[in-house]
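Chemist: structure for this input, please:
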Amino acid sequence: MNRFAPIAGRAVRWGIMGTGTIASDFVRVLQSLPECEVAAVGSRSDEGAARFADKYGVATRHGSYEALAQDASLDVVYVATPSLRHVDDSLLCLSAGRHVLCEKAM
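Modeler: Model prediction:
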């Protein structure tokens, strides 16, 4: 079985913005997919990012959403912040050149 996404020629590198229950659920799904790599997590604090990264084996942790959005090693960011932040957080990532998955109507 090919372990890489056909478009990229390698695993798609995901960043996770937020560290709550939905983020945890999404990471478990991504980690079960051979074409995906959970490469980074962003939280409102270094401690929150470290706690989440340690739990799920994520190598890169960012103590701010802005730092995650600026991480040029990522292909796409999953926005899992509180609903009222979704528009601003999605625009933050898009402005930084990241692809975004945000499960809200905008």
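Chemist: which residues of this protein fall in helices?
Modeler: For the chain, helices defined by DSSP state H occupy the ranges 21-31, 46-56, 65-69, 86-95.
Chemist: quick one, the second one and helix 21-31 angle?
Modeler: Per axes from the mean of the first three to the mean of the last three CA atoms, to 10 degrees, the angle that helix 46-56 makes with helix 21-31 is 40 degrees.
Chemist: what about helix 46-56, average pLDDT?
Modeler: Per-residue pLDDT over helix 46-56 has a mean of 98.
Chemist: helices or strands up against it?
Modeler: Here helix 46-56 touches helix 21-31, strand 36-42, strand 60-62, going by 3 or more CB pairs under 8 Å, 6 or more residues apart in numbering; DSSP states H and E. C-beta: built from backbone N, CA, C; applies to glycine.
Chemist: and the closest residue to A72 other than its chain neighbours, how many neighbours?
Modeler: Spatial nearest neighbour of A72, chain neighbours left out: G97 (7.7 Å); criterion: CB to CB, 6 or more residues apart in numbering. By the measure other CB atoms under 10 Å, the count of residues near G97 is 10.
Chemist: rewinding a little: as JSON lines, the helices of the chain with distance to V12 and mean neighbour count would be great.
Modeler: Output for the helices of the chain, formatted as JSON lines (distance: least, CB to CB, whole Å; neighbours: other CB atoms under 10 Å):
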{"stretch": "helix 21-31", "distance to V12": "9", "mean neighbour count": "15"}
{"stretch": "helix 46-56", "distance to V12": "17", "mean neighbour count": "16"}
{"stretch": "helix 65-69", "distance to V12": "16", "mean neighbour count": "21"}
{"stretch": "helix 86-95", "distance to V12": "15", "mean neighbour count": "18"}
